[in-house]
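Student: Please work out how this folds:
(one chain, ligands or ions: 1)
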Amino acid sequence: MAEITLKSLAHTYLPDPRSLEDYAIREMDHVWHQGGAYALLGPSGCGKSTLLNIISGLLEPSSGEVLFDGEVVNDLPPEARNIAQVFQFPVVYDTMTVYDNLAFPLRNVKTPAQRIHERVMEVAEVLELTPQLKRRARNLTADEKQKVSMGRGLVREDVSAILFDEPLTVIDPQLKWKLRRKLKEIHQRFEITMVYVTHDQLEASTFADKIAVMYEGQVVQFGTPRELFERPNHTFVGYFIGSPGMNFLEVEARGGNVMAGSVELAVEQAVHDAVSHATSTNIKLGIRPEFIEVHAERVEGGMEARVNHVQDFGTYSIVYLTLGRIELKARIEEDQVAPTGQAWLRFPNERLGLYIDEYRVEVGHE
Ligand SMILES: Nc1ncnc2c1ncn2[C@@H]1O[C@H](COP(=O)(O)OP(=O)(O)OP(=O)(O)O)[C@@H](O)[C@H]1O
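Tutor: Here you go, the predicted structure:
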């Protein structure tokens, strides 16, 4: 069991990196605490697998340190790090039985036979593999094989952490949900540090207590699913989390007002001050579709927008709007009548986020 610390870690696959874009991992610090259930979430190519492989020792970082419980492990080979890794595709020995596959990692470290038996039976029970124990692995379905792969990771008691690299890719959609629940149960039972890599926000939030969102080789936010939804720290987190993602409006201070193109926005003085004092011109206001107030009639302080179309999802609808020249999406619940033609929008001040150079800037709400 271990706390995993990444210190000034960076990695490039190029021999002669010239710019930040040449780095698969841009210099970062991060701590995975002992016993946590974490997800590493981000789009394809953002560096998730690179980071996992550095932690497990399959890859040597270009610079920086990996520490387990405060000890630098950079020079330790994967087998000495006691990290179990479960990959996208099952790694099982086809000719062995399920029992022998599960026993293999323990026999390798010369565990007494009695203890091997106890552990294999325990792990098989948790993963619901007991009826398959005597079968050869080659006769299993893809998801049974992946359960064996997971079991091989879980069976050793001395593992510091288990890293899952998109482990449910090959699993039937109906079984995915069940296996995710199973992993969560296993986490609670074994109290082991688990890092689960995925590009699927739903998978991340059902498994993890805390999610690290990765973008362009960096962790741009580390927080609970709720924090990522309510206070995205970076515009990318806003876009990526939520369905649909957050709306962003490019704004500037003009004539004493905060303007989004030709539209004057009703914002608090503190937001106005922050916008007018910003040294950057990359300034955005973000608001989630859920938090835009949509009115079918003119209301005080409402900004007139055009309704382009409404998509009905049964319990809620997404309204596609144009405000000035800005395209917006708003979510309304089933009890609210969808507007047609025009709508009047209000942005509650406490739901607006200010982003300068893509990062959130906190301003006190009145
Ligand atoms: N062996 C390699 N040699 C060169 N470049 C690589 C290698 N492996 C990954 N990369 C590059 O490093 C970057 C990060 O890749 P990585 O596989 O870590 O991302 P990822 O988030 O895991 O993506 P995916 O979800 O598609 O697996 C990408 O630009 C990728 O092309």
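
Student: quick one: the strands in the stretch 251-366 of the chain?
Tutor: With strands called from DSSP state E, counting those that start in this stretch, the stretch 251-366 of the chain shows them at 252-254, 257-260, 263-265, 283-287, 293-295, 303-312, 316-323, 326-333, 342-346, 353-356, 359-361.

Student: closest one to Ile241 among these?
Tutor: Nearest to Ile241 among the strands of the stretch 251-366 of the chain is strand 283-287 (11.7 Å), distances taken as CB to CB. Backbone N, C-alpha and C define where each C-beta goes, glycine included.

Student: re the thing from before, can you list the strands of the stretch 251-366 of the chain in TSV and add mean pLDDT, distance to Tyr13 and mean neighbour count?
Tutor: Below are the strands of the stretch 251-366 of the chain laid out as TSV (pLDDT from 0 to 100; distance: least, CB to CB, whole Å; neighbours: other CB atoms under 10 Å):
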stretch	mean pLDDT	distance to Tyr13	mean neighbour count
strand 252-254	95	40	14
strand 257-260	95	40	19
strand 263-265	94	44	17
strand 283-287	98	32	20
strand 293-295	96	47	18
strand 303-312	96	41	14
strand 316-323	97	40	19
strand 326-333	97	37	18
strand 342-346	96	46	19
strand 353-356	97	31	20
strand 359-361	96	27	16
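
Student: Tell me how many other residues surround Gln269.
Tutor: A count of nearby residues for Gln269, using other CB atoms under 10 Å, gives 9.

Student: same thing with Gln132?
Tutor: So Gln132, with other CB under 10 Å, has 20 neighbours.

Student: again, but for Ser44
Tutor: Neighbours of Ser44 using other CB under 10 Å come to 7.

Student: what do you get for Thr111?
Tutor: A count of nearby residues for Thr111, using other CB under 10 Å, gives 19.

Student: any idea whether the nearest residue to it once chain neighbours are set aside is helix, strand or coil?
Tutor: Spatial nearest neighbour of Thr111, chain neighbours left out: Arg119 (7.7 Å); criterion: CB to CB, 6 or more residues apart in numbering. At Arg119 the chain is in helix, as set by DSSP: H, G, I helix; E, B strand; the rest coil.

Student: where in this structure is pLDDT low?
Tutor: 1, 365-366 (pLDDT under 70).

Student: Could you break it into its assigned domains?
Tutor: As assigned by automatic domain parsing, the chain contains the domains 4-239, 243-361.

Student: And the strands of the stretch 251-366 of the chain: which comes nearest Ala10?
Tutor: strand 359-361 (19.9 Å).

Student: Let me see the contact set for the residue in the stretch 101-250 of the chain positioned nearest to the ligand.
Tutor: Across the stretch 101-250 of the chain, no residue is closer to the ligand than His199, which sits at 5.5 Å (CB to the nearest ligand atom). Shown in contact with His199 (CB atoms under 8 Å, 6 or more residues apart in numbering): Leu41, Gly42, Pro43, Ser44, Lys48, Glu166.

Student: the helices in the stretch 51-200 of the chain, which residues?
Tutor: 78-81, 98-108, 113-126, 142-154, 173-190 (DSSP state H, counting those that start in this stretch).

Student: Redo those helices as a markdown table? Include distance to Leu352.
Tutor: Shown next, in a markdown table, are these (distance: least, CB to CB, whole Å):
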| stretch | distance to Leu352 |
| --- | --- |
| helix 78-81 | 45 |
| helix 98-108 | 52 |
| helix 113-126 | 46 |
| helix 142-154 | 43 |
| helix 173-190 | 34 |
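
Student: Tell me which of those helices sits most buried.
Tutor: helix 142-154 (a mean of 23; mean count of other CB atoms under 10 Å).

Student: helices or strands next to it in the packing?
Tutor: strand 83-86, helix 98-108, helix 113-126, strand 161-165, helix 173-190 (3 or more CB pairs under 8 Å, 6 or more residues apart in numbering; DSSP states H and E).
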